[in-house]
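Undergrad: Next comes the sequence, and after it the predicted model I'd like to discuss.
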Amino acid sequence: MKFLKPTFILLFAINIYFISAINASTKEPFKIVTIASKLNHPWGMAFLPNGDILITQRPGQLRIVRNGILDPHPISGLPSNIVARGQGGLLDVALHPQYKKNGWIYLSFSAKGAGGIGTEVARGKLVGNRFTSVEKIFVLQPKSRAGQHFGSRMVFDNDNHIYISVGDRGDRPRVQNIDDPAGSIIRLKDDGSLVKDNRWYSRNSDAKMVYSYGHRNPQGMFFDSKTNTLWEHEHGPRGGDELNIIHKGKNYGWPVISHGVEYVSRFKIGEGNHKKGMEQPIHYWVPSIAPSGMTVYRGDKFPDWDGDILIGALKYQLLVRLKMDGTKVLKEERYLEQKIGRIRDVRTGPDGYIYLLTDKRDGQLVRLEPR
């Protein structure tokens, strides 16, 4: 029998202790209420003013929960070039901040086109059970045949600019090329036109729309209107999932720096985990939790959580709460581990409750209410 090296044993013990300490941090202060089930790999959700909830399904369907009941019929009229391949499909959904006045609903998805598939965003209006007046506002070029790392969350800021997260499409050399929007956060006006104060607006390329770059696969984004802060998280490789505050024109390092390592060889990636001129995360996870979905809690149902960050995790099937002091993480607490499945999205509802989507063929929409 071969014995493990003492260094390996020590690191393993420290890692297990660290995980256990986080998981044992607190008892769940909420109860789980199931709102809808039989959702096919739900990915994103948005709350309509009348209380209905829109839910995207990655295979390509947009569903709606009306009066607490899932309509059995998907909404028709979605863009015809949506393609579900690998990690792609119908992804996020967001309402325009002035939805009551203009009725615009935004969808992000992977779409087929010349050269393969890539992230796109369209907007339209809901009339009855049909998506109408459809307009494309963003198309990632070039397309590729890869089936991973599409992003793709959408949020609006206080000026009604839309931010779109785009993954690296599994093609690392694209990310540090500022003229290629892969691996970036895009900022556009609500109709898809360019924002003139984007850092690279003067370049004669797609860099005009890039707000920040150096991202691997951002699957969580939230604009906190109270503090005017754009939060983002992204998947690392083996370890190194990141929570970032996004600033205009900044480089977030991928694949030059990372707190993760290569999947197979476990060698360091690029030049290590620090480099001058590249941003460091506010918080990161080793080992990875595979984060997806995020909200900064602003509600009255969990007053002790005001300003805290809630993040879904796919890998450990749990909900992470980061206790915040401004932009500083004080501690991490974990809930629901392996109780409801892979958590794909996390939102604060207009009612102040917390809503989660579980990513599986028989996925659920659940609501967390205080005990």
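TA: The structure has been received and is ready for your questions. Residues are numbered from 1 along each chain as shown.
Undergrad: Can you get me a residue count around the closest residue to Gly272 other than its chain neighbours?
TA: In this structure, Gly272 finds its nearest non-sequential neighbour in Ile257, 6.2 Å apart by Cβ to Cβ, 6 or more residues apart in numbering. Any C-beta I mention is one placed from the backbone N, CA and C, and that applies to glycine too. Residue crowding around Ile257 was assessed by other Cβ atoms under 10 Å; the count is 21.
Undergrad: List the contacts of the closest residue in space to Arg130 that isn't next to it in sequence.
TA: Excluding the flanking residues, the one nearest Arg130 by Cβ to Cβ, 6+ apart is Gly77, at 4.5 Å. When contacts are counted by Cβ atoms under 8 Å, 6 or more residues apart in numbering, Gly77 touches 124, 130-132, 134.
Undergrad: Can you say which two of these are spatially most distant?
TA: The largest separation in those, counting by Cβ to Cβ, is between Arg130 and Val134 at 10.3 Å.
Undergrad: In terms of neighbours, single out the busier of the two.
TA: Val134 (15 against 12).
Undergrad: For Tyr106, see how far away the more buried one is.
TA: With the distance defined as Cβ to Cβ, to the nearest Å, Val134 ends up 11 Å from Tyr106.
Undergrad: Quickly list what's touching both of these two.
TA: 122-123.
Undergrad: Now do the strands in the stretch 101-250 of the chain.
TA: Assigned strands in the stretch 101-250 of the chain, in chain order: 105-113, 116-127, 130-139, 154-156, 162-166, 184-188, 210-213, 218-224, 229-234, 241-245 (criterion: DSSP state E, counting those that start in this stretch).
Undergrad: and those strands, which is most packed in?
TA: Mean neighbours per residue, mean count of other Cβ atoms under 10 Å, is largest over the strands of the stretch 101-250 of the chain for strand 162-166, with a mean of 27.
Undergrad: what's the offset of that one from the middle of its chain?
TA: 10 Å (Cα atoms, centre = their mean, to the nearest Å).
Undergrad: Each with direction, which strands does it pair with?
TA: strand 154-156 (antiparallel), strand 184-188 (antiparallel) (DSSP bridges).
Undergrad: For those strands, could you give me a markdown table that also reports distance to Gly293 and mean pLDDT?
TA: What follows is the strands paired with strand 162-166, written out as a markdown table (distance: least, Cβ to Cβ, whole Å; pLDDT from 0 to 100):
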| stretch | distance to Gly293 | mean pLDDT |
| --- | --- | --- |
| strand 154-156 | 12 | 98 |
| strand 184-188 | 16 | 98 |
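Undergrad: possible to save the ones you listed as TSV with distance to Asn204?
TA: Output for the strands paired with strand 162-166, formatted as TSV (distance: least, Cβ to Cβ, whole Å):
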stretch	distance to Asn204
strand 154-156	26
strand 184-188	17
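Undergrad: of all those, which lies closest to Gly88?
TA: Judging those by Cβ to Cβ, what sits closest to Gly88 is strand 154-156, at 15.4 Å.
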